[in-house]
Structure formats: structure tokens, C-alpha cells
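1. with the input below, show me the fold.
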Amino acid sequence: MSFYKEIQSNKRKTYILLVLFSFIVVILGGVLGQIFFGNYIFGMIFAFIIAIVYSLIAYRSGDSMILRSANANELKKEDDPYLFNIVDGLAISAQIPKPRIYMIKEDSMNAFATGKDPEHASIAVTSGLRKKMNRLELEGVISHEMSHIKNYDIRVMMLVTILLGVVVLLSDIIFRSFIWAPRSGRKSESGGSGALILLAIAVVLAILAPIIAQLMRLAISRKREYLADATGAKLTHYPEGLANALEKIKNDHDVTVDTANKATAHLYIENPLREKRGFTAKLFSTHPDINDRIRRLRQM
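-> Predicted coordinates for the structure are as follows:
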């Protein structure tokens with residue numbers, strides 16, 4: 001498979017998932033508006049306002065919070081000229097501003113990128129990865145993270161996380177309205193079988209929507225990893241470098257990043273929590289199977 005086909009395929013699948021995600025938010029907002037105001041338009045407006053508020057908070061403070069939680073320390077060029085040289089060259093190749101570079105004191109091998117846009121981006125690598133990778137492997141890892149920045153993956157995943165938060169909030173409001181609202185009040189507003197149908201739909205949505213939204217968020221995360229692999233291989237013109245790096249990460253005896261958590265796990269080049277694999281685990285995983293990623297890279 002060529003770089004370009006892989007990139008276009010993953011972009012298309014991500015856009016489809018984002019549209020479906022937004023559709024769930026709109027439907028929940030409409031149901032909420034119908035329940036409380038008798039007008040679904042009010043609910044959609046409410047859902048839109050909540051999404052905007054969440055977006056502003058995440059846009060302003062998300063990257064600095066992530067770097068602090070990872071105990072990442074910013075490097076200067078004199079601290080590691082070799083690493084800076086690699087980052088400088090790949091930034092020129094990707095035609096984006098050079099990101100800030102951070103180091104995490106951690107024996108396991110991993111890395112991530114964060115930032116609201118290419119002008120305000122950072123790449124963090126663990127000290128274990130820096131020590132154990134040769135130049136071609138390190139270039140492969142940095143090109144993957146540079147691709148996340150170039151493809152605006154961080155912004156996409158921020159949007160997805162915000163939409164998930166809105167879905168959970170709206171579902172919780174709907175669910176609680178049926179627990180705490182007086183039964184007599186609901187009966188007086190009922191319209192016979194139509195009201196019962198609305199009630200049933202609302203309860204089912206309140207229960208299933210957060211689960212479906214979470215599965216969609218994880219699916220988008222996995223697609224963005226495939227996309228970053230393909231774009232990274234295009235930047236270096238050497239897919240084997242990233243494939244070898246992933247193989248080395250897979251076989252490392254220390255697989256867990258101590259400062260990582262479920263909220264930040266999707267950012268890393270490979271799952272820093274490394275749960276067991278299986279059909280169910282794959283559905284709830286932030287990353288594609290590493291063996292499949294290696295296979296795809298070696299087929300390019």
C-alpha cells in the first residue's frame with residue numbers, strides 16, 4: 001500500500017467517525033430539549049453551548065496540563081544537540097515550525113506530541129527511548145510525532161474528547177431527569193403512547209450513547225495512529241526505521257510509563273498502559289495492534 005492511499009483512507013474514515021459522533025450529540029441535545037422544553041431546537045442549542053465552553057477550556061490549557069502530568073522537562077539545544085538535529089531536519093521536511101522538545105525520565109520507551117496547533121506544539125520522549133534507539137529508529141519515532149502535529153491530530157482528538165464529554169453530560173442529565181423528576185409531573189405532560197415512546201428512546205440513548213461515543217473516540221484514536229505511521233514514513237522515506245522502532249518498543253521488558261494515565265494514553269506512540277490483547281481489548285484500546293502497524297509499514 002502506498003503512503004498516499006494509506007493517508008487518504010485513514011483521513012476519510014476519521015471524517016466519517018467525526019460526523020457520526022456529532023450526530024449523536026445533536027440527537028441527545030434534541031431529546032433533552034423535547035423533554036424539558038417541548039422543543040428539540042432548545043436542546044440542540046444547549047448542547048452546542050456546552051461544547052463551545054468545553055472547547056475553550058481544553059484549547060487554552062490542555063497541552064501544559066499534559067506535560068506537567070507526564071513530569072516532562074523542556075530541553076535546550078545544548079542539552080542534546082543530536083536530538084535537536086533530528087527534530088530540526090524533520091520539521092523542515094514536514095514544513096512546520098520546530099516544536100519544543102521535552103524529556104521524561106522514564107526507563108520504558110515511548111513518546112508523544114501535544115499542542116493546539118503546529119505553532120504551539122511540543123514533542124516529549126522518554127529517556128529510555130532516547131538511549132535505546134539508533135538514529136534511524138529515533139527519526140522514525142520523531143517523524144510519527146511530527147506527523148501528529150502536521151495532521152492536526154491533537155486538535156482532532158481534543159474535539160473528539162470534548163464531544164465525548166458533552167455526550168456523557170447530556171446522557172447524565174437525561175437519565176437523572178427520569179430518576180428525580182416527579183412521576184405525576186411526567187404523567188400530566190404525557191401524550192399517551194407518543195410520550196412513552198419518547199421516554200423509551202431517551203432512556204436507551206442515555207444508557208448507550210456514552211458507550212457508543214467512547215468506542216468511536218477510541219476508533220478515531222486508532223485511525224490517527226495509522227495515519228501518523230503513514231505520514232511519518234513519507235517524511236523519512238524509510239518506513240523500516242519506524243517499523244524497527246515499534247518492534248523494539250514491543251519487545252522491551254519495561255512496557256509501562258509510570259506517569260501515563262487513561263486520559264493521556266492515546267497521545268503516546270504506543271499504549272503506555274499495555275492492557276492484554278483480545279477482541280474486546282482491541283475495541284477499547286487507544287492504539288491499533290502494534291504487530292499490524294509494523295506489518296503495514298513494511299508493506300509500504
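2. what's the weakest-modelled helix or strand in the chain?
-> helix 183-189 (a mean of 45; mean pLDDT, DSSP states H and E).
3. the helices in the stretch 1-150 of the chain, which residues?
-> Using DSSP state H, counting those that start in this stretch, the helices of the stretch 1-150 of the chain run over 3-37, 40-69, 81-94, 127-132, 135-150.
4. give me the angle between the helix or strand just after the last one and helix 40-69.
-> As assigned by DSSP states H and E, the chain's next helix or strand after helix 135-150 is helix 153-180. With axes from the mean of the first three to the mean of the last three Cα atoms, to 10 degrees applied, the angle from helix 153-180 to helix 40-69 works out at 130 degrees.
5. helix 153-180: which residues count as buried?
-> 153-167, 169-171, 173-175 (16 or more other Cβ atoms under 10 Å). Every residue, glycine included, has its C-beta placed from N, CA and C.
6. shaky segments in this protein?
-> 1-11, 13-14, 17, 58-62, 178-196, 198-199, 274-283 (pLDDT under 70).
7. residue closest to the middle of it?
-> The centroid of the chain falls nearest to residue 157 when counting by Cα atoms, centre = their mean (3.9 Å).
8. where does the residue nearest to residue 167 when sequence neighbours are not counted sit, in terms of helix or strand?
-> In space, and not counting its chain neighbours, residue 167 is closest to residue 213: 4.2 Å by Cβ to Cβ, 6 or more residues apart in numbering. Using DSSP H and E, residue 213 falls within helix 193-236.
9. what angle sits between that helix and helix 135-150?
-> Using the same axes, to 10 degrees: helix 193-236 against helix 135-150 is 140 degrees.
10. figure out how far helix 193-236 is from the centre of its chain.
-> Remark: helix 193-236 is offset 11 Å from the chain centroid, using Cα atoms, centre = their mean, to the nearest Å.
11. what of stretch 103-122?
-> Using Cα atoms, centre = their mean, the offset of stretch 103-122 from its chain centre is 14 Å.
12. can you list the buried residues in it?
-> 103-104, 106-116, 118, 121-122.
13. distance of residue 160 relative to residue 266?
-> 9 Å (Cβ to Cβ, to the nearest Å).
14. I meant to write residue 148 there.
-> 11 Å.
15. for the two, indicate the residue with more neighbours.
-> Each of residue 148 and residue 266 has its neighbours counted (other Cβ atoms under 10 Å); residue 148 has more, 26 against 23.
16. what sits against the nearest residue to residue 291 once chain neighbours are set aside?
-> Spatial nearest neighbour of residue 291, chain neighbours left out: residue 250 (7.4 Å); criterion: Cβ to Cβ, 6+ apart. By Cβ atoms under 8 Å, 6 or more residues apart in numbering, the residues touching residue 250 are 270, 290, 291, 294.
17. 10 Å instead, please
-> 109, 270, 274, 290, 291, 293, 294 (Cβ atoms under 10 Å, 6 or more residues apart in numbering).
18. please check the residues you listed and keep the buried ones.
-> Neighbour-count burial (16+ other Cβ under 10 Å) applied to the contacts of residue 250 gives 109, 270, 274, 290, 293, 294.
19. among these, which pair sits farthest apart?
-> Spanning the widest gap among the buried ones among the contacts of residue 250 are 274 and 294, at 15.8 Å by Cβ to Cβ.
20. using CSV, list the CA coordinates for the very next helix or strand once past the helix holding residue 213.
-> Proceeding N to C from helix 193-236, the next assigned helix or strand is helix 239-250, under DSSP H and E. Output in CSV follows, covering the C-alpha atoms of helix 239-250 (Å, rounded to 0.1, in the frame of the first residue of the first chain):
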residue,chain,number,x,y,z
PRO,A,239,9.3,3.0,6.7
GLU,A,240,11.7,0.4,8.1
GLY,A,241,13.0,2.9,10.6
LEU,A,242,9.7,3.4,12.4
ALA,A,243,8.9,-0.4,12.0
ASN,A,244,12.1,-1.3,13.7
ALA,A,245,11.4,1.3,16.5
LEU,A,246,8.0,-0.2,17.1
GLU,A,247,9.4,-3.7,17.2
LYS,A,248,12.0,-2.6,19.7
ILE,A,249,9.2,-0.9,21.8
LYS,A,250,7.1,-4.1,21.6
